[in-house]
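J.: return a 3D structure for these sequence lines:
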Amino acid sequence: MAIQWFPGHMNLTRKAIAERIKDIDVVIEVLDARLPGSSANPLLADMTGHKPTVKILNKQDMADPARTAAWLSHYNAQPGTRAVALQASSAAAVAPLAAACHALAPGRGGLAKPMRVLICGVPNVGKSTLINALTNKRHAKTGDEAGITKLEQRITLADDFYLWDTPGLLWPRIIVAKSGYNLAASGAIGRNAYDEELVALELLDYLRQNYAPLLEARFKFAGVAQMKDEEVLEAVGRQRGALLGKGKINTQKAAEIVIGEFRQATLGRITLETPEEFAQWLAVGQQLDAERLAKKEARAQSRGKGSGTRD
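T.: Numbers count the residues shown, from 1 in each chain. Presented below is the predicted three-dimensional model:
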């Protein structure tokens with residue numbers, strides 16, 4: 001099942017960014033360090049790709065350190081890009097970002113040429129928290145819910161340094177199926193757009209194969225790597241008392257527990273993808289999408305021929 005979520009305000013955000021980017025010097029894209037590939041918006045890349053970019057892997061305290069290092073190397077190898085991992089709520093951690101912007105756009109600075117920076121990213125990735133830490137003020141609302149910020153706002157960081165905060169933006173069609181599940185697990189997608197049990201099973205499938213010791217330590221049962229995903233979900237429900245009548249497991253409640261434990265990082269420091277894995281998922285998604293478009297075009301041509309008239 002493909003997960004899609006593109007509410008109306010996101011289309012307005014896309015148009016606003018397309019207009020704003022003309023006057024922007026540096027783009028700060030905030031990513032989730034637990035899913036750096038899936039939280040990198042290809043729509044933003046298309047609109048801002050010609051601009052110098054600082055990629056922030058936020059929530060690095062929740063992510064796998066070794067995998068964070070791999071992702072930093074991956075992004076820092078890209079031209080016009082600087083990647084840093086941090087915790088956006090830390091004012092000390094975000095303080096060097098202004099210098100990073102100046103390094104990418106050395107010609108900007110001073111009242112005659114103020115630095116103009118656009119901050120963007122998917123929903124619930126920590127943009128508002130970052131802005132509040134940069135300014136030491138509460139300019140933006142924060143919360144563990146997708147879609148809190150709804151309007152663009154300009155914030156003055158210094159007399160010659162302006163920030164534009166934009167609402168969280170996804171893209172109209174998520175072609176990487178795994179990205180949809182990872183975004184849902186992280187809280188970047190609205191609750192009504194996905195089935196929590198399916199998301200929890202996809203999450204457990206990855207954790208079972210890559211982080212089995214963390215699952216076993218947290219939920220106090222062994223043999224996770226050899227279990228089926230559904231068996232793990234039921235074991236979580238049983239261990240946490242998510243039961244219905246006659247000992248039946250409340251799998252909906254168990255799914256909520258699994259997703260909640262991941263979001264709160266009580267399972268441990270986890271990253272749901274490596275650069276190599278994401279590249280493979282993307283290649284498959286692009287191939288499937290190309291096939292889908294080819295079939296759609298073929299159907300359109302067939303209908304066109306069928307509606308023709310004979311002389």
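
J.: can you give me the buried ones in stretch 273-291?
T.: Within stretch 273-291, the residues that count as buried by 16 or more other Cβ atoms under 10 Å are Glu273, Thr274, Pro275, Phe278, Trp281, Leu282, Gly285. Backbone N, C-alpha and C define where each C-beta goes, glycine included.

J.: what distance separates the start and the end of stretch 51-70?
T.: 23 Å (Cα to Cα, to the nearest Å).

J.: rounded mean pLDDT for it, please.
T.: For stretch 51-70, mean pLDDT rounds to 97.

J.: tell me which two of the buried residues of stretch 273-291 sit farthest apart.
T.: The span of the buried residues of stretch 273-291, defined through Cβ to Cβ, is set by Thr274 and Gly285 at 16.3 Å.

J.: which members of the buried residues of stretch 273-291 are positioned in helices?
T.: Pro275, Phe278, Trp281, Leu282, Gly285 (DSSP state H).

J.: tell me the phi and psi of Asp165?
T.: The phi/psi pair for Asp165 (degrees, to the nearest 10) reads phi -90, psi 130.

J.: ok, now how distant is it from Thr156?
T.: Using Cβ to Cβ, to the nearest Å, one gets 12 Å for the distance from Asp165 to Thr156.

J.: give me the low-pLDDT residue ranges for the stretch 1-150 of the chain?
T.: Residues of the stretch 1-150 of the chain meeting the criterion pLDDT under 70: 1, 137-150.

J.: in it, which spans are strands?
T.: Ranges of strands in the stretch 1-150 of the chain, per DSSP state E, counting those that start in this stretch, are 26-32, 53-58, 81-85, 115-121.

J.: what helices or strands is the second one leaning on?
T.: Think strand 53-58. Strand 53-58 sits against strand 26-32, helix 65-76, strand 81-85, helix 97-104, helix 127-135, with contacts defined as 3 or more Cβ pairs under 8 Å, 6 or more residues apart in numbering; DSSP states H and E.

J.: again, only this time at 6 Å
T.: strand 26-32, strand 81-85 (3 or more Cβ pairs under 6 Å, 6 or more residues apart in numbering; DSSP states H and E).

J.: want to throw the ones you listed into JSON lines with mean neighbour count and distance to Val122?
T.: Below are those laid out as JSON lines (neighbours: other Cβ atoms under 10 Å; distance: least, Cβ to Cβ, whole Å):
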{"stretch": "strand 26-32", "mean neighbour count": "25", "distance to Val122": "8"}
{"stretch": "strand 81-85", "mean neighbour count": "19", "distance to Val122": "16"}
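
J.: which one of those strands lies nearest to Gly8?
T.: strand 26-32 (22.5 Å).

J.: pop the domain breakdown of this protein in here.
T.: Per the record, the chain has its domains at 8-165, 195-263, by automatic domain parsing.

J.: can I get those in a markdown table with distance to Trp171?
T.: Formatted as a markdown table, the domains of the chain follow (distance: least, Cβ to Cβ, whole Å):
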| stretch | distance to Trp171 |
| --- | --- |
| domain 8-165 | 4 |
| domain 195-263 | 19 |
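
J.: among the ones you listed, which comes closest to Gln301?
T.: Here domain 8-165 is closest among the domains of the chain (Cβ to Cβ), at 27.3 Å.

J.: and the closest one, how far from the chain's centre?
T.: On the basis of Cα atoms, centre = their mean, to the nearest Å, domain 8-165 sits 13 Å off its chain's mean C-alpha point.

J.: try stretch 276-294
T.: Put simply, stretch 276-294 sits 18 Å off its chain's centre (Cα atoms, centre = their mean).

J.: and what of stretch 182-197?
T.: Put simply, stretch 182-197 sits 11 Å off its chain's centre (Cα atoms, centre = their mean).

J.: quick check: end-to-end length of that stretch?
T.: End-to-end distance for stretch 182-197, by Cα to Cα: 13 Å.

J.: next, the buried residues of it.
T.: In stretch 182-197, counting by 16+ other Cβ under 10 Å, buried: 182-190, 193-194, 196-197.

J.: repeat for stretch 229-244
T.: Under the neighbour-count criterion of 16+ other Cβ under 10 Å, stretch 229-244 has Asp229, Val232, Leu233, Glu234, Ala235, Val236, Gly237, Arg238, Arg240, Ala242 buried.

J.: is the fifth one in contact with Gly223, as I believe?
T.: Okay, so that is Ala235. No: using Cβ atoms under 6 Å, Ala235 is not in contact with Gly223; the gap is 9.3 Å.

J.: run through who's touching stretch 171-189.
T.: For stretch 171-189, the external contacting residues (Cβ atoms under 6 Å, 6 or more residues apart in numbering) are 2-6, 32, 35, 38, 41-43, 122-124, 146, 194, 199, 202-203, 259, 262-263, 272, 281-282, 285, 289.
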